[in-house]
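Engineer: Sequence plus predicted model, see below.
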Amino acid sequence: MMLLDYAKRLVLLGGKLSAWLFLPMLVLVAIFDITTRRFLQLGSTPAQELEWHFFFAGVTFALGYAYLKDKHVRIDILRERLSPRTRLWIERTFLLTIMIPFALVIIWFGGRMTWLSYAQGEGSRAALGLPYRWLVKATLPIGAFLLLLACFYRLFRPMDSETPSSDGLTSPDRNTSISRDQTP
């Protein structure tokens with residue numbers, strides 16, 4: 001299971017990069033762009049493109065982190081009414097039938113798209129736009145890879161918690177154990 005621990009660390013690193021690098025850079029570039037446009041009447045195509053690039057990189061790198069930390073969107077009204085075993089069965093079925101194949105498809109096509117962009121020397125279509133479009137496109141397969149690692153981690157350690165119960169099931173808030181006799 002050491003491999004799963006490395007996968008978790010890599011996914012957490014991706015989330016930290018998103019929070020501590022891409023998000024602050026997005027904010028700084030947006031402030032610069034708005035300020036120069038508003039007060040200096042200077043339009044900056046590279047700054048506007050850079051905003052989108054930081055946003056895209058931040059989202060793709062944070063996908064795996066959000067899933068690993070169980071901070072993604074769920075339909076909690078329905079989920080809370082289910083038993084822990086049913087929730088676990090649904091989670092694993094979802095991982096095996098939808099999430100893992102989805103991540104693999106995104107890795108495959110995103111990697112191909114990135115390689116083609118690199119090989120063609122693709123840049124922005126705007127005259128003053130940024131070159132090296134492949135760098136931005138590379139965040140898609142990297143983010144999908146982080147999501148794939150998070151999926152494998154959750155598949156093999158679905159209820160990783162500080163306080164597991166005797167049967168390995170924990171409550172949705174990850175702080176207390178649920179016995180087989182209790183209902184959530």
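Structural biologist: Happy to help now that I have it.
Engineer: Tell me the confidence at W20?
Structural biologist: What the model reports as pLDDT for W20 is 92.
Engineer: Likewise for F145?
Structural biologist: F145 is assigned a predicted lDDT (pLDDT) of 96.
Engineer: Same check on the one 5 residues further on?
Structural biologist: For A150, the model assigns a pLDDT of 94.
Engineer: show me what contacts it?
Structural biologist: 7, 11, 63-65, 67-68 (Cβ atoms under 8 Å, 6 or more residues apart in numbering). From N, CA and C alone the C-beta is placed, and that goes for glycine too.
Engineer: Next SSE downstream of the lowest-mean-pLDDT helix or strand in the chain?
Structural biologist: When the helices and strands of the chain are compared on mean pLDDT, DSSP states H and E, helix 76-79 comes out lowest with a mean of 74. As assigned by DSSP states H and E, the chain's next helix or strand after helix 76-79 is helix 84-94.
Engineer: Show the contacting residues for the residue lying closest to A57 once chain neighbours are set aside.
Structural biologist: Leaving aside its chain neighbours, A57 sits nearest to T139 (4.4 Å; criterion: Cβ to Cβ, 6 or more residues apart in numbering). Counting by Cβ under 8 Å, 6+ apart, T139 touches 56-57, 60-61.
Engineer: So which of those belong to helices?
Structural biologist: Of the contacts of T139, the ones assigned to helices by DSSP state H are 56-57, 60-61.
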